[in-house]
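Student: sequence and predicted structure below; questions after.
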Amino acid sequence: MSTIRVSRPKPFDCTFRVPGDKSISHRSIMFGAIARGETLVEGFLPGADCLSTISAFRQMGVDIERDSETSVRILGRGFDGLREPVQPLDVGNSGTTIRLLLGILAGTSFFSTVVGDDSIARRPMGRVVNPLREMGAQIYGRQEGRFTPLAIRGAKLTGLTYESPVASAQVKSCLLLAGLSADGVTAVREPSRSRDHTERMLPAFGVHVRTSEGEVSVQGGQSLAGTQVKVPGDISSAAFLLAAALMVPGSRVTIDDVGLNPTRTGILDAFHMMGAEVAVEQTGMWCNEPVGRVTVQADELKGIEIGGKLIPRLIDEIPVLAVVATQAAGETVIRDAAELKVKETNRISTTAQELRKLGAHVEETDDGLIISGPTPLKGGVCQSRGDHRIGMAMVIAGLGAAAEVCVEGSEAIDISFPGFSNFIEKIKCGQI
């Protein structure tokens, strides 16, 4: 088990480029694999989750070569060219891999099984299995297909219009991918807008996607053509480094070439609401994704109340937002975030429990957290609980603590942010 030790640094001014966006990296591999022809991906995130996606498609006969850590070449086989895997497809810890993969496997002509680690075994699959079954998919599994392991017998699918009870990019993307191999039109309606990387990337592969307020649809029978994908830096990873500036008064962090997709930048809005100085400059578009520079500078912070449509735009950043809230004057109330309970851990509970170890005043609610501040954090020992975002959040908390903080189980961080500890070392040294 790995451990990161961190203590309060002097004020710093650092500029970084963070690893590639995890969501976009997953999709670039999947879409490249089911496209015809060659796809070249630059800026790929070589984290454990994305490597699970590569492994799954290699098992189905797709030729995927790593030209470098961050450059991937895929010789796509098309939907019809995928082969029946001999062994179960192991997605490891990756919820994105399994849920999007199910949408592809449902319309194949072969049998397959999908498994994952203990975390995946606890995560709900019914939210994608049930609508896929409505399309004609034959999926079997533990507790009537609500949990892994899952077995899929490829079947002829029919498009549907699905009213999703939650705003979930994974549900939406799964059904759109299934819709590409279905007869007719497949449409997904959501109560609020979820991240839209799938809708942005599919047109780059030649797929026509129709979008309107609250609905996305595709016509079945469309083929994908190989293309080039340049992956921007991950705003979710950047959020931890930007938060570091808010934990150490007098500090500033700039992130270059980071994704600025508006469905993902809720954390920047939250930091601004708290009183931080936030500057955003768009510098380009990469594969239909806005990209640019973000700078965050510490200032006096105040508590905020957030919920509703903002939550899907920062759901992955709530643990580190809670960390920053410990240094804000007054109460920070986070609601409508029950989705946190079905992440790698119950992030409502794990965030609260780990922050309390450092002296923070955090109350759990049914759908969120209440954090009272400002609170001087003390040193201590925290655990990642095998959850990459909890591990990183506690490291950032340690930057604002009065004594050393040890974060055990830090190897989990490699799932989304390989090399994270090197960035923290640069912050501790004040390196630019």
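Tutor: Perfect, thanks for sending it. What you see is a predicted model, and the numbers here were worked out from it, not measured in a lab. Numbering: from 1, shown residues only.
Student: could I get the buried residue list for stretch 68-81?
Tutor: 70, 72, 74, 75, 76, 77, 79 (16 or more other CB atoms under 10 Å). All C-beta spots, glycine's among them, are computed from the backbone N, C-alpha and C.
Student: out of those residues, who's nearest residue 285?
Tutor: residue 70 (19.8 Å; CB to CB).
Student: excluding sequence neighbours, find me the nearest residue to that closest one.
Tutor: Once flanking residues are discounted, residue 70 sits nearest to residue 44: 5.0 Å by CB to CB, 6 or more residues apart in numbering.
Student: what sits against that neighbour?
Tutor: Shown in contact with residue 44 (CB atoms under 8 Å, 6 or more residues apart in numbering): 20, 25, 28, 29, 50, 69, 70, 71, 72, 231.
Student: count of neighbours near residue 238?
Tutor: 28 (other CB atoms under 10 Å).
Student: if you skip the residues just before and after it, what's nearest to it?
Tutor: Leaving aside its sequence neighbours, residue 238 sits nearest to residue 255 (CB to CB, 6+ apart; 4.4 Å).
Student: contacting residues for the one you found?
Tutor: 15, 16, 17, 18, 233, 238, 241, 242, 293, 294, 295.
Student: and those residues, which of them are buried?
Tutor: 16, 18, 233, 238, 241, 242, 293, 294, 295.
Student: looking at those, which is nearest residue 100?
Tutor: Using CB to CB, the buried ones among the contacts of residue 255 come closest to residue 100 at residue 233, 21.5 Å.
Student: what residues are bridge-paired with the closest one?
Tutor: In this entry, residue 233 is beta-bridged to residue 20, residue 258, by DSSP bridges.
Student: all strands of the stretch 1-150 of the chain, in order?
Tutor: Along the stretch 1-150 of the chain, the stretches classed as strands by DSSP state E, counting those that start in this stretch are 3-6, 13-16, 36-42, 63-68, 71-77, 89-90, 111-115, 138-141, 147-153.
Student: as a markdown table, the ones you listed with mean pLDDT and distance to residue 100 would be great.
Tutor: Shown next, in a markdown table, are these (pLDDT from 0 to 100; distance: least, CB to CB, whole Å):
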| stretch | mean pLDDT | distance to residue 100 |
| --- | --- | --- |
| strand 3-6 | 97 | 31 |
| strand 13-16 | 96 | 29 |
| strand 36-42 | 99 | 16 |
| strand 63-68 | 97 | 16 |
| strand 71-77 | 98 | 15 |
| strand 89-90 | 98 | 12 |
| strand 111-115 | 98 | 11 |
| strand 138-141 | 98 | 14 |
| strand 147-153 | 98 | 13 |
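Student: for residue 193, find the nearest of those.
Tutor: The nearest among these, by CB to CB, is strand 36-42 at 26.0 Å.
Student: elements contacting the closest one?
Tutor: helix 22-34, strand 71-77, strand 228-230 (3 or more CB pairs under 8 Å, 6 or more residues apart in numbering; DSSP states H and E).
Student: residue 131: which of these is closest?
Tutor: Closest to residue 131 of those, according to CB to CB: helix 22-34, at 18.6 Å.
Student: so the closest one versus strand 71-77, what angle?
Tutor: Using axes from the mean of the first three to the mean of the last three CA atoms, to 10 degrees, the inter-axis angle of helix 22-34 relative to strand 71-77 is 40 degrees.
Student: list the contacts for residue 393?
Tutor: Per CB under 8 Å, 6+ apart, neighbours of residue 393: 240, 319, 320, 322, 323, 351, 354.
Student: what about the fourth one, which helix or strand?
Tutor: Right, the one you point to is residue 322. Per DSSP states H and E: residue 322 is located in helix 318-325.
Student: ok, and for that helix, which residues are buried?
Tutor: So helix 318-325, judged by 16+ other CB under 10 Å, has buried residues 318, 319, 320, 321, 322, 323, 324, 325.
Student: can you check stretch 204-217 too?
Tutor: 204, 205, 207, 209, 216, 217.
Student: across the sheet, point out what pairs with the fourth one.
Tutor: Meaning residue 209. Under the criterion DSSP bridges, residue 209 forms beta bridges with residue 218.
Student: now residue 161: closest residue in space, sequence neighbours ignored.
Tutor: Nearest in space to residue 161, with sequence neighbours left out and distances taken as CB to CB, 6+ apart, is residue 187 at 4.4 Å.
Student: should've said residue 249
Tutor: Leaving aside its chain neighbours, residue 249 sits nearest to residue 298 (5.1 Å; criterion: CB to CB, 6+ apart).
Student: rewinding a little: what pLDDT does the residue nearest to residue 70 get?
Tutor: Looking at residue 44, its pLDDT reads 99.
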